[in-house]
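Asks: this one's structure only:
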């Protein structure tokens, strides 16, 4: 089975359990923490190492995570190690995050501007994106002077490019196409 499908299956099980137990936020925090922990190279190597007995791995996880995470999150970590899916844990965290966003009708918008936005500008951009997507937007602002001005917003797979840089590129293409067309018209004799 593909890693994405495995991650979705485990994330779906955690999502269902968290909903039933009314611990969605805490579970998401736990699983994201586990995703970060399991993505550390040295720990991931140790947890995947076949020469290290499973009991020793489980004992180390129980000692490290015991009181820091909910019992069902600890069980997820143990199950992932037991089944040799250590490298899938970050994907499980990502899938669970998306399920929670979908459940809450939220989306993350990565908004890039040429200069930092003030709170009023952020509010206007957020409102516009919420109208366009129909979701509650969690704004992540970035600055990139290369876009010259305007806004570039990425919400999921959708990119809205209202940057000056993009407008200049479109104008350049139009001018080049216009020149090429007019040059051809001049070369072809008129009837």
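Replies: Received the coordinates, thanks. These numbers were taken from a predicted model, which means no experiment stands behind them. Numbers count the residues shown, from 1 in each chain.

Asks: Give me the pLDDT for the residue nearest to the spatial centre of the chain.
Replies: Central residue of the chain (C-alpha atoms, centre = their mean): residue 94, 6.8 Å from the mean position. As predicted, residue 94 sits at a pLDDT of 95.

Asks: how's this protein carved up into domains?
Replies: Following automatic domain parsing, the chain resolves into domains at 3-102, 105-184.

Asks: looking at those domains, which one has the lowest mean pLDDT?
Replies: Going by mean pLDDT, the lowest-scoring of those is domain 105-184, which has a mean of 86.

Asks: now the helices for this protein?
Replies: Using DSSP state H, the helices of the chain run over 3-21, 24-38, 41-48, 54-65, 71-82, 89-104, 119-133, 164-187.

Asks: Output the ones you listed as a markdown table; include the columns distance to residue 149.
Replies: Glycine gets a C-beta too; all of them are placed from N, C-alpha and C. Formatted as a markdown table, the helices of the chain follow (distance: least, C-beta to C-beta, whole Å):
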| stretch | distance to residue 149 |
| --- | --- |
| helix 3-21 | 38 |
| helix 24-38 | 35 |
| helix 41-48 | 41 |
| helix 54-65 | 48 |
| helix 71-82 | 45 |
| helix 89-104 | 30 |
| helix 119-133 | 12 |
| helix 164-187 | 4 |
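
Asks: wait, which of the ones you listed is closest to residue 148?
Replies: helix 164-187 (3.9 Å; C-beta to C-beta).
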